[in-house]
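Peer 1: Sequence plus predicted model, see below.
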Amino acid sequence: MSEAVSDATLFPFSNSYARMPERFFAMLPPTPVAEPGLVVVNDTLALELGLDPELLRSPEGIASLAGNHVPEGAQPLAMAYAGHQFGGWSAQLGDGRAILLGEVIGRDGVRRDIQLKGSGPTPFSRMGDGRAALGPVLREYIISEAMHALGIPTTRALAVVTTGEPVYREQPLPGAILTRVAKSHIRVGTFQYFAAREDTDALRLLADHVVARHFPDTGEAENPYAALLERVVKTQAELIASWMLVGFIHGVMNTDNMAVGGETIDYGPCAFMDWYHPETVYSSIDQTGRYAYGNQPGIAQWNLIRLAQALLPLISTDEDAAIEIAKPIINRFADHYETAYETGLAAKFGLSEVREDDPELMQDLLARMAANQADFTLTFRRMSTPGGSPRELFVDPTAFDAWSERWRQRLAQQELSETERFDAMRAVNPAVIPRNHLVEHALTAAVERADFAPTFALKAALERPFEDPAPDAAIDGIPLTLPPRPDQVVPATFCGT
Ligand code: AMP
Ligand code: MG
């Protein structure tokens, strides 16, 4: 890009992480690509961030999204972090294929990172090429935006560009870059990185940064670092509950993929479950089912214990005292989780409060769904629809009938009118989710034929997940709201890294 181009208004950067000490990151620009090609700019998100979507689509905008031009005010850097991957410790991870350009303050007054993912090698790349393939980039674009529309805290996707360069995985694939937006990219693994190096000064600077940025009220607490842990524990418990309630399976819940700000981050081989089963796994790299649907709350707590361990030197200079403070905080994860999950589940069942026998009643249906391969999303949506019944979704429909008698009796005990109950249920039980076979169909069209129409159609359909689409709504003949037919099932997802 020529020096004469003025792009001061492209991103009104206001950076804070770049002011941290040098050992927090490696400063370097993204690596330019052969031929930037704009796939999409997320106009809605751009406007929320106070950015001009048309400027982002201009030549210097596209060059910036591709890493060919460093926009004014950017202080590009790759963040250092460590992490437990599938339970195994890695002392040195870091942004191996991402560059934080800087931070902007949105219309809501919230500071957010602008990060390029797939922007070339960094000192943290290890054996990787620093690049991303188009398929996984579009998967993150579709699913992260779908999560947002579902009301689940998540990083967002501002733009996708192709690079005009192949990336070599099992085969050559088109390369792409995602512009990711997050409240921050600070991970449990970022704390672990400094804890492992016994760098307590850095740990304190990081914790203070996180407190100021995400949980300012905890700064007032008697022990702000214990208060920070407590808030992260509660936020994560609520986040995981919200995943469970829509059937989202993250797939790679490593500690480096858990953002302390409480957003869902690092969409890899993630997927939404079709038929309900706690052991459901999609990720092709999760051989043992460590990150199966039903394991997610337990894994989250395991990760938070790693965070607690990292924070111990800040909580108290006396390690035993620090452990005594941290332990009950970690143990409260289960309470926070149960409260969020059961309240949310009750809402899915049309119950305005959780009474003593309700958890058993609700789990009974889930067990029947598991035994009868009943579709998770559609079962609840049909229960939310006047005149609807999910019974044919069960291999043995009488398994639903028997349970539904008890449910009717329970519903009769509350004051809510039928209309009110249906409205309330339809507001929490989505009709449209990014079903794996639809996502896969969209990605295949994009990667094999540069046909982005299915991706855009799916993205548009996912913007209003709680509204019923037209009964015949479909993408290339694949019904939008129905579970896959046996021949349409996509059983495995790949990271593509
Ligand atoms: P992930 O499993 O995608 O969360 O990534 C784990 C680690 O591997 C992070 O440090 C990433 O930056 C790094 N990584 C993943 N893919 C690549 C790649 N293609 N090139 C370089 N580093 C990568
Ligand atoms: Mg990651």
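Peer 2: Cool, got the structure. Numbering: from 1, shown residues only. Ligands and ions are numbered 1, 2, ... in the order given.

Peer 1: Where does this protein get nearest to ligand 2, residue-wise?
Peer 2: D266 (3.9 Å; Cβ to the ion). (C-beta placed from N, C-alpha, C; glycine too.)

Peer 1: how deep is that residue tucked in, by neighbour count?
Peer 2: 23 (other Cβ atoms under 10 Å).

Peer 1: got the residues of the stretch 51-200 of the chain near ligand 1?
Peer 2: Contacts of the stretch 51-200 of the chain with ligand 1, taken as Cβ under 6 Å from any ligand atom, map to L93, G94, D95, G96, R97, F124, S125, G128, D129, G130, R131.

Peer 1: now those residues: which count as buried?
Peer 2: For those, a burial check counting by 16 or more other Cβ atoms under 10 Å picks out L93, G94, D95, G96, R97, F124, S125, D129, G130, R131.

Peer 1: quick one: contacts for the third one?
Peer 2: The contact partners of D95, by Cβ atoms under 8 Å, 6 or more residues apart in numbering, come to A78, M79, Y81, T122, F124, H185.

Peer 1: Give me the contact status of stretch 121-132 with ligand 2.
Peer 2: No - Stretch 121-132 lies out of reach of ligand 2 by Cβ under 5 Å from the ion, never closer than 11.1 Å.

Peer 1: Please export the C-alpha coordinates of that stretch as PDB.
Peer 2: Taking Å, rounded to 0.1, in the frame of the first residue of the first chain, the C-alpha atoms of stretch 121-132 are listed here in PDB:
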ATOM      1  CA  PRO A 121       4.100 -17.400  11.100                       C
ATOM      2  CA  THR A 122       5.200 -15.900  14.400                       C
ATOM      3  CA  PRO A 123       7.900 -16.900  16.900                       C
ATOM      4  CA  PHE A 124       5.200 -19.100  18.500                       C
ATOM      5  CA  SER A 125       4.400 -21.100  15.300                       C
ATOM      6  CA  ARG A 126       6.600 -24.100  16.200                       C
ATOM      7  CA  MET A 127       6.100 -26.400  13.300                       C
ATOM      8  CA  GLY A 128       3.000 -24.700  11.900                       C
ATOM      9  CA  ASP A 129       2.800 -22.500   8.800                       C
ATOM     10  CA  GLY A 130       0.900 -19.700  10.500                       C
ATOM     11  CA  ARG A 131      -2.000 -20.000   8.100                       C
ATOM     12  CA  ALA A 132      -5.600 -21.100   8.100                       C
END
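
Peer 1: How far off centre is that stretch?
Peer 2: Distance of stretch 121-132 from its chain centroid, counting by Cα atoms, centre = their mean, to the nearest Å, is 22 Å.

Peer 1: same question for that stretch, mean pLDDT?
Peer 2: Averaged across stretch 121-132, the pLDDT comes to 97.

Peer 1: Alpha carbons of the longest strand belonging to the chain, as PDB, please.
Peer 2: Looking across the chain with DSSP state E, the single longest strand is strand 156-168. Extracted C-alpha coordinates of strand 156-168, given in PDB (Å, rounded to 0.1, in the frame of the first residue of the first chain):
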ATOM      1  CA  ARG A 156     -17.200 -12.500  16.900                       C
ATOM      2  CA  ALA A 157     -16.200 -12.600  13.200                       C
ATOM      3  CA  LEU A 158     -15.700  -9.200  11.500                       C
ATOM      4  CA  ALA A 159     -14.500 -10.300   8.100                       C
ATOM      5  CA  VAL A 160     -13.200 -13.200   6.000                       C
ATOM      6  CA  VAL A 161     -10.700 -12.700   3.200                       C
ATOM      7  CA  THR A 162      -9.000 -15.300   1.000                       C
ATOM      8  CA  THR A 163      -5.200 -15.100   0.500                       C
ATOM      9  CA  GLY A 164      -4.800 -16.400  -3.000                       C
ATOM     10  CA  GLU A 165      -2.300 -18.900  -1.500                       C
ATOM     11  CA  PRO A 166      -2.700 -22.600  -0.900                       C
ATOM     12  CA  VAL A 167      -2.200 -24.000   2.600                       C
ATOM     13  CA  TYR A 168      -1.100 -27.600   2.700                       C
END
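
Peer 1: now what about stretch 334-350, what contacts it?
Peer 2: 233-234, 237-238, 240-242, 244-245, 297, 300-301, 352-354, 358-359, 361-362, 365, 380, 383-384, 407, 411, 416, 421-422, 424-425, 428-429.

Peer 1: The residue of the chain closest to ligand 2 and G251 touch, don't they?
Peer 2: No - assessed by Cβ atoms under 8 Å, D266 is found out of contact with G251, at 9.4 Å.

Peer 1: can you list residues touching both of the two?
Peer 2: Joint contacts of D266 and G251 (Cβ under 8 Å, 6+ apart) do not exist.

Peer 1: Contacts only, for T179.
Peer 2: L65, I114, Q115, L116, K117, A157, L158, A159, V160, V161.

Peer 1: That one falls within a strand, correct?
Peer 2: Yes - applying DSSP: H, G, I helix; E, B strand; the rest coil, one finds T179 inside a strand.

Peer 1: give me the beta-bridge partners of it?
Peer 2: Following DSSP bridges, T179 is listed with bridge partners L116, A159.

Peer 1: Near ligand 1, list only the ones from the contacts of stretch 334-350.
Peer 2: Answer for these near ligand 1: none qualify (Cβ under 6 Å from any ligand atom).

Peer 1: Give me the buried subset of those.
Peer 2: Judged by 16+ other Cβ under 10 Å, buried ones among the contacts of stretch 334-350: 233-234, 237-238, 240-242, 244-245, 297, 300-301, 354, 358, 361-362, 365, 380, 383-384, 407, 421-422, 424-425, 428-429.

Peer 1: and those, which of them are in strands?
Peer 2: Short answer: these have none in strands (DSSP E).

Peer 1: For the longest strand of the chain, name the packing helices and strands.
Peer 2: Judged by 3 or more Cβ pairs under 8 Å, 6 or more residues apart in numbering; DSSP states H and E, the packing partners of strand 156-168 are strand 37-41, helix 43-48, helix 59-66, helix 134-149, strand 172-182.
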